[in-house]
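Q: 3D, please:
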Amino acid sequence: MFDGLTNRLGQVFDRLKRRGALTEADVTAALREVRVALLEADVALPVVKAFVEGVREKAVGQDVLRSVTPGQMVIKIVHDHLVEILGGDSELTTNVVPPAVFLMVGLQGSGKTTTTAKLARRIARREKKKVLVASLDVYRPAAMEQLQQLAAQAEVASLDIVPGERPAAIAVRALDRARREGFDLLLLDTAGRLHIDEELMAEVAEIRDLARPHETLLVADAMTGQDAVRVAKGFHEKVGLTGIVLTRVDGDARGGAALSMRQVTGCPIKAIGVGEKLDQIEEFQAGRIASRILGMGDVVGLVERAAEAIDKEDAEKLAAKIQKGGFDLDDMAQQLRQLRKMGGLGGVMGMLPGVGRIKEQLAGAKVDEGMLKRQEAMIQSMTPKERKDAKVLNASRKRRIAAGSGTSVPDINRLIKQYMEMSRVMKQMGRLGQKGIMRQGLGSLFRR
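A: Sure thing, here's the model as predicted:
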């Protein structure tokens, strides 16, 4: 979502860093370009003005202009101000006397029902909470059934559907079940509308008064830009929000809504949806988002994503196997699956420092995200014997595997070459052991 802004700001800061010393005129010129970049990213004008003035006040100080690395100092000031605008870190309220109640509100089409299931799954798995979800949307066809199906996929409980029951009555029944059955968290998915109207607000306010939620979360589509900010303001004035969840952050929106929302509404962004799958939701952490915008990556987020994707038991088995000098094509297929779970090559690379600025070059290089699936299909088309010992793969076996996986013999050859290289590195790791790798450095793995 922030790619355009990242590229523009990256160009401005690259020019600043190339200068040994900065004058006040240099900073003013750079901030003029920052202002244009923010406006082009659809950030609200009052927010842009406050941001630029706040940065200017600190950036033209003597400590910066006389610093050994003034360009880096300016970037740090911009980073800190971005964190301030984004509102710092704000966690969801779950550690309260159960059941904690989350009231999910928003317009139709914002992804509210899917987000309800995503949050339920994340909290149930990460915090080991017992979670119940209930749909109060009696208007949209199959809305209740949709939440039930998503809850089953997320492996959380859902409230039974009673035909003809009104939203307020459903909320009361959900609260009663949550208390009786010892649920830690209850998520109430309210009905949406195409636009804000008095009937919608009256219904949501009635449910709010009955449920007394610990969190009233607006689900807003980041693709709607400044409209999302206006919707948030409207809901906050009528219902009283405690936070915002932005969806479709992985899309090509310009990012202005996220940067404007906290300043304009005073409500923190508490989570962001980064894809359509149920596990593709992240806590909103201003420092990490600011780092991504400035092309610094998000290594902490990458480590967290890896921890979720990689099974500890499988990793220990693989480590033991490597110690004995064994690494076969089954192990390689497992690594490919884990990489896909982490968002593929693009998802991983997008979180690495500095990669954001070379995305155009990477696109030009045509990195094929479907390659991981095809490589996995090739390995699955092999017999157990072939996966255990790649040396038996002769020409006729390769033709059979290519036909079975919808690929070509050159594709099989490339896969085997990649496997052989990985196997060589793994054997080297096995011989060195953990202490040897630490002593000689990672470079020792890549010496021929």
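Q: From now on I want contacts and neighbour counts done on CA atoms only, so please keep to that.
A: Fine.
Q: In a helix, residue 218, correct?
A: No. Read with DSSP: H, G, I helix; E, B strand; the rest coil, residue 218 is strand and lies in no helix.
Q: buried stuff in stretch 135-143?
A: Residues 135-138, 143 are the ones in stretch 135-143 that count as buried (16 or more other CA atoms under 10 Å).
Q: what helix or strand is residue 118 on?
A: helix 112-126 (DSSP states H and E).
Q: List the first helix or strand encountered after that helix toward the C-terminus.
A: Next along from helix 112-126, by DSSP H and E: strand 131-135.
Q: What pairs with that following strand, parallel or antiparallel?
A: Here strand 131-135 has these sheet partners by DSSP bridges: strand 157-158 (parallel), strand 185-189 (parallel).
Q: Ends of stretch 216-228, what's the gap?
A: In stretch 216-228, first residue to last residue: 16 Å (CA to CA, to the nearest Å).
Q: ok, back up a step: residue 398: which of the strands paired with strand 131-135 is closest?
A: Ranking those by proximity to residue 398 (CA to CA) places strand 157-158 first, at 47.6 Å.
Q: who does the helix or strand containing residue 104 touch, helix- and strand-wise?
A: Assigned by DSSP H and E, residue 104 belongs to strand 100-105. Here strand 100-105 touches helix 112-126, strand 185-189, helix 198-211, strand 215-221, going by 3 or more CA pairs under 8 Å, 6 or more residues apart in numbering; DSSP states H and E.
Q: Of all the residues in the third one, which ones are buried?
A: If I follow you right, that is helix 198-211. By 16+ other CA under 10 Å, the buried positions in helix 198-211 come out as 200-201, 204, 207-208, 211.
Q: That helix versus strand 185-189: what angle between them?
A: 170 degrees (axes from the mean of the first three to the mean of the last three CA atoms, to 10 degrees).
Q: hang on, the earlier thing: what's the most distant pair in the buried residues of stretch 135-143?
A: 136 and 143 (8.8 Å).
Q: Go through the buried residues of stretch 135-143 and name the one nearest residue 420.
A: Nearest to residue 420 among the buried residues of stretch 135-143 is residue 143, at 50.6 Å by CA to CA.
Q: What are the phi and psi values at the closest one?
A: Dihedral pair for residue 143: phi -60, psi -40, per degrees, to the nearest 10.
Q: What of residue 282?
A: The phi and psi values for residue 282, taken as degrees, to the nearest 10, are phi -130, psi 150.
Q: Find the centremost residue of this protein, please.
A: In the chain, the residue lying closest to the centroid (CA atoms, centre = their mean) is residue 274, at 4.2 Å.
Q: Please give the element, helix or strand, for the residue at the greatest distance from the centre of the chain.
A: Computed with CA atoms, centre = their mean, the residue of the chain farthest from its C-alpha average is residue 396, at 44.0 Å. Using DSSP H and E, residue 396 falls within helix 395-405.
Q: List the buried residues for that helix?
A: By neighbour count, with 16+ other CA under 10 Å as the criterion, the buried positions of helix 395-405 are 398-399, 401-402, 405.
Q: so which of these comes closest to residue 163?
A: Closest approach between the buried residues of helix 395-405 and residue 163, by CA to CA: residue 405, at 47.7 Å.
Q: Correct me if wrong: the closest one contacts residue 374.
A: Yes. Between residue 405 and residue 374 there is a contact under CA atoms under 8 Å: 7.4 Å.
Q: what's the spacing between residue 184 and residue 382?
A: Residue 184 sits 47 Å away from residue 382, going by CA to CA.
Q: cool, and residue 392?
A: Residue 392 sits 11 Å away from residue 382, taking CA to CA as the criterion.
Q: In terms of neighbours, single out the busier of the two.
A: Shown here are residue 392 and residue 382; by other CA atoms under 10 Å, residue 382 has more neighbours (22 against 12).
Q: now for the helices and strands packed on strand 100-105, which one comes closest to residue 238?
A: Smallest distance to residue 238 across these (CA to CA): 6.6 Å, for helix 198-211.
Q: Which pLDDT value belongs to residue 253?
A: What the model reports as pLDDT for residue 253 is 57.
Q: In the stretch 1-150 of the chain, where is pLDDT below threshold?
A: 1-4, 6, 8, 16-22, 61-71, 88-89 (pLDDT under 70).
Q: ok, now with 80
A: Residue ranges of the stretch 1-150 of the chain with pLDDT under 80: 1-24, 26-27, 40-44, 58-79, 81-82, 84-91.
Q: how far away is residue 121 from residue 160?
A: To residue 160, residue 121 is 18 Å away according to CA to CA.
Q: between those two, who's got more neighbours?
A: More crowded of residue 121 and residue 160, by other CA under 10 Å: residue 121, with 25 against 15.
Q: Tell me the spacing between the closest residue in space to that one that isn't next to it in sequence and residue 204.
A: Closest residue to residue 121 apart from its sequence neighbours, by CA to CA, 6 or more residues apart in numbering: residue 154 at 5.1 Å. According to CA to CA, residue 154 and residue 204 sit 25 Å apart.
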